[in-house]
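K.L.:
Pasting a predicted model and its sequence here:
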Amino acid sequence: ATSPRRNRPPLHMESSSAPTPMLYLQAPCLITTKANPKPHLKAATSASCRALSPAAFAEAGGINRQIALPRRPSLLVLGAHYFGGDYNDPLFAAIHNISWSTALLVEASPPIAAALKHSVAARPPLPLATSLRVLNEGICPGERRALPFYSFARHGSLPRWASQTGSFNRSHLTKHFSLIQLLSRQWSASRLEAAITSTPVPCGPVSELMEREQVRQPSVLMIDIEGFDCQVVASLDWCAVRPALVIYEYVHCADAHLEAARRSISRPCADGRRYEAVNSGQNVFNMLVTDRPPAAARGKRRFDGMSR
């Protein structure tokens, strides 16, 4: 008789019937009504948002979508900050219960990276991840090297978001002075200047980091690196990397860098895949979609992978 053990597949093989991991992504829409003409946010599943046409819903920044991930999904977060502990994280609620094969959290600020490592060890923010690592380094153009990283020293009277403004560009912090002073009169410009600290931090191109850390094709990529976001987006070949979802903060990007980022990630691929973008809050959500031409149109002259 045949041993039952011989009929079992090797343990490393994935069952073909294993469900496809799904990411359920929602973002509120910004609407106006006769009763409330001032723009206000409503939940994506609210009656007000569902009453909008698909185009108007996207224009209002609304997202309510299921995104299929690979069987062994990977996550790369550039500018992780206190991942899982930030009140304004646009992604965490959608991803914290996914079984990531690998998740890499990259944070340039040394004290925040140290706190995040402690948090990951004590209470992992992604409890189902097979591998969850924190890397203390930054992203910058050119060769890998150490540069001064600027941030505000921790102080209880600074706004919570002040710790999220750390950057290799000192002016990125100083441009927030007026907003901090508006919220708290005790912070004079000279006192804020004195609160800025700098620490040498290794940094290099994102492509070098992805190759070195073996996260060459992350399933989900989130970028929040205070002003350098759009330059990172513009630097990558999205038809080669092509995550299912890319989120990047655009509010601190110069107009030219923002336009370059949009051109780079909106370029359609030869297999008909492209990114559909929705601006929601301070971020651009880019979701990978496939345009499949009808059978009659296949074989016609193609331009940039799209039927014409």
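P.N.:
Ah, there it is.

K.L.:
Which stretches in the stretch 101-250 of the chain count as strands?
P.N.:
Applying DSSP state E, counting those that start in this stretch to the stretch 101-250 of the chain gives strands spanning 102-106, 132-135, 138-139, 145-152, 196-204, 220-223, 245-249.

K.L.:
Could you say which of these is packed most deeply?
P.N.:
Mean neighbours per residue, mean count of other CB atoms under 10 Å, is largest over the strands of the stretch 101-250 of the chain for strand 220-223, with a mean of 26. The C-beta positions use only the backbone N, C-alpha and C, and glycine is treated the same way.

K.L.:
if we can go back for a sec, just send the strands of the stretch 101-250 of the chain back as JSON lines, with mean pLDDT and distance to residue 178 too.
P.N.:
Converted to JSON lines, the strands of the stretch 101-250 of the chain look like this (pLDDT from 0 to 100; distance: least, CB to CB, whole Å):
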{"stretch": "strand 102-106", "mean pLDDT": "98", "distance to residue 178": "30"}
{"stretch": "strand 132-135", "mean pLDDT": "97", "distance to residue 178": "33"}
{"stretch": "strand 138-139", "mean pLDDT": "96", "distance to residue 178": "26"}
{"stretch": "strand 145-152", "mean pLDDT": "95", "distance to residue 178": "15"}
{"stretch": "strand 196-204", "mean pLDDT": "96", "distance to residue 178": "15"}
{"stretch": "strand 220-223", "mean pLDDT": "98", "distance to residue 178": "26"}
{"stretch": "strand 245-249", "mean pLDDT": "96", "distance to residue 178": "20"}
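
K.L.:
Let's have the ones you listed in TSV, adding distance to residue 232.
P.N.:
Below are the strands of the stretch 101-250 of the chain laid out as TSV (distance: least, CB to CB, whole Å):
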stretch	distance to residue 232
strand 102-106	11
strand 132-135	15
strand 138-139	6
strand 145-152	15
strand 196-204	12
strand 220-223	6
strand 245-249	7
